[in-house]
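Participant: My questions concern the predicted model and sequence given below.
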Amino acid sequence: MKRTKRPMSLVIFPLIYLAAPAAVIIQAAAVNMVPLSGPGSLFSRLGFLDALVLLCYPVSALAILSVRRAGWWIFIAASSWLIANNVAAFALNPLVSPLSTLLFDAALVAAAAMFFRRHAIAPYFNPRLRPWESPPRYRLDVSAAIAIDGAETPIRVVDLSRGGAFAVPLALPAPRVGTHGEFSLRVAGAAYRIPAAVVRRQAMPSGDTGYGIMFTGGRGLESVTEAMEASLRGLPLDPVPVGADQRASRRFSFMPAMTIEAAGPSASPTAASLDDLSRGGLAARVLSGDLEGEAAIAAGAAAVAVLEGRRALRLPGTVAWSHEEGGATRFGLRFGRLDRRSRTTLRRYLRFLRRVGAEERMPDPAAMEAVLEETLERSPYRAVAWFRRRLGLRS
């Protein structure tokens, strides 16, 4: 999935404003009938006010590019000053053409009006509406399917080995133990279809039911798992299989075990399920009903996420949000300052997820629309909305 890119309007308009001083200089030389170079050139006659006019354009370009609250106000103020300056130049200089003044001011008004539109103004007033600035968040699972007797069931792969997989069905019908079918998987950019059998059923701590799948033919995954082994070397997410999970071939877990604990030496860890991960934070849900653990993940609280494995990866941070969802407490953790080893391990883990084709989590459209409306109510767009309502138009 492609990452969200900066809107083209935030690239084209700054380029236009960066090129505008050249157009202004050429237009001024033509109006005043002076050369651009040599004795008596236009540049030898530039005053402080003229230099300020030329400076306004690159300042406006940088203000647009910043996509910050202050940048929006600077851009609008610079546009207003340029419009007023053009009107004053027309009034004081008889050589200035009314048509050129009208065209320049019309262009400046149109450019400013573009940044009063709903989806153009909102990112300047809320960083959540600037998705191109956020690091990609990867879902901690890989989608696949298993087809039995012609009925295909989508599944979420929890872990994978050369000999089989453990997965959770995402829809009915759920596979039955003892049945044979075909396991299909797309990983590392390649698609695989492998004869397989469902060999066991097991309840998971999250309340889901998982199924053990044994591959009964095909050798296509060997090269992929070898590449995964190289990618995973040194990462904290390759636990040693024990008990019912023991396998002859090495297992690659897409969903490492995780705990969350309040910051402090006496904190007790609470089991959690990791939903997605990025360079800046993660989203997860609490699996147990431990009150102490739930109190630790209240919004604004300091907490430490621990990814279990051969070497635990501790990720300290602050709980950005927390709410009840589906009988569990879901929360987001914004990472604080990580040590060098943790940053390196996290970067390698995210590279591994990209390699195996983990899906990038995109914002929920309904939730983002609510954020947009709330942001517009706290921005200068309120004045635009008021005028539109007065005119009977949709805001």
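Facilitator: Looks like it arrived, so ask away.
Participant: where does residue 185 sit relative to residue 193, distance-wise?
Facilitator: Relative to residue 193, residue 185 is positioned 8 Å away (Cβ to Cβ, to the nearest Å). To be clear about C-beta, it is placed using only N, CA and C from the backbone, and glycine gets the same treatment.
Participant: ok, so what distance separates residue 284 from residue 270?
Facilitator: Between residue 284 and residue 270 the computed distance is 10 Å (Cβ to Cβ).
Participant: And residue 258, by the same measure?
Facilitator: To residue 270, residue 258 is 10 Å away according to Cβ to Cβ.
Participant: any weak-confidence spans in the stretch 101-250 of the chain?
Facilitator: 135, 137-143, 186-190, 205-207, 218-250 (pLDDT under 70).
Participant: Where do the strands of it begin and end?
Facilitator: Counting by DSSP state E, counting those that start in this stretch, the stretch 101-250 of the chain has these strands, from start to end: 138-139, 142-148, 151-160, 164-169, 180-187, 190-203, 209-215.
Participant: most neighbours per residue, which of those strands?
Facilitator: Mean neighbour count, computed with mean count of other Cβ atoms under 10 Å, is highest for strand 164-169 among these, reaching a mean of 23.
Participant: Using CSV, write out every CA atom in that strand.
Facilitator: As requested, the backbone C-alpha atoms of strand 164-169 are provided in CSV (Å, rounded to 0.1, in the frame of the first residue of the first chain):
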residue,chain,number,x,y,z
GLY,A,164,3.0,-24.9,8.7
ALA,A,165,1.3,-21.9,10.1
PHE,A,166,-0.9,-20.9,13.0
ALA,A,167,-3.9,-18.7,12.0
VAL,A,168,-7.1,-17.1,13.2
PRO,A,169,-10.2,-17.3,10.8
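Participant: That strand packs against which elements?
Facilitator: Packed against strand 164-169 by the contact rule (3 or more Cβ pairs under 8 Å, 6 or more residues apart in numbering; DSSP states H and E) you find strand 142-148, strand 151-160, strand 190-203, strand 209-215.
Participant: Adding distance to residue 367, write those strands out as CSV.
Facilitator: Formatted as CSV, the helices and strands packed on strand 164-169 follow (distance: least, Cβ to Cβ, whole Å):
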stretch, distance to residue 367
strand 142-148, 22
strand 151-160, 22
strand 190-203, 31
strand 209-215, 29
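Participant: residues shared between the contacts of residue 284 and residue 270?
Facilitator: Shared contacts of residue 284 and residue 270, defined by Cβ atoms under 8 Å, 6 or more residues apart in numbering, comprise residue 260.
Participant: so which of the strands of the stretch 101-250 of the chain comes closest to residue 350?
Facilitator: Shortest separation from residue 350 across the strands of the stretch 101-250 of the chain is recorded for strand 138-139, at 6.4 Å, computed as Cβ to Cβ.
Participant: can you tell me which residues contact residue 286?
Facilitator: 260, 270-272, 293-294, 297, 328-329, 331.
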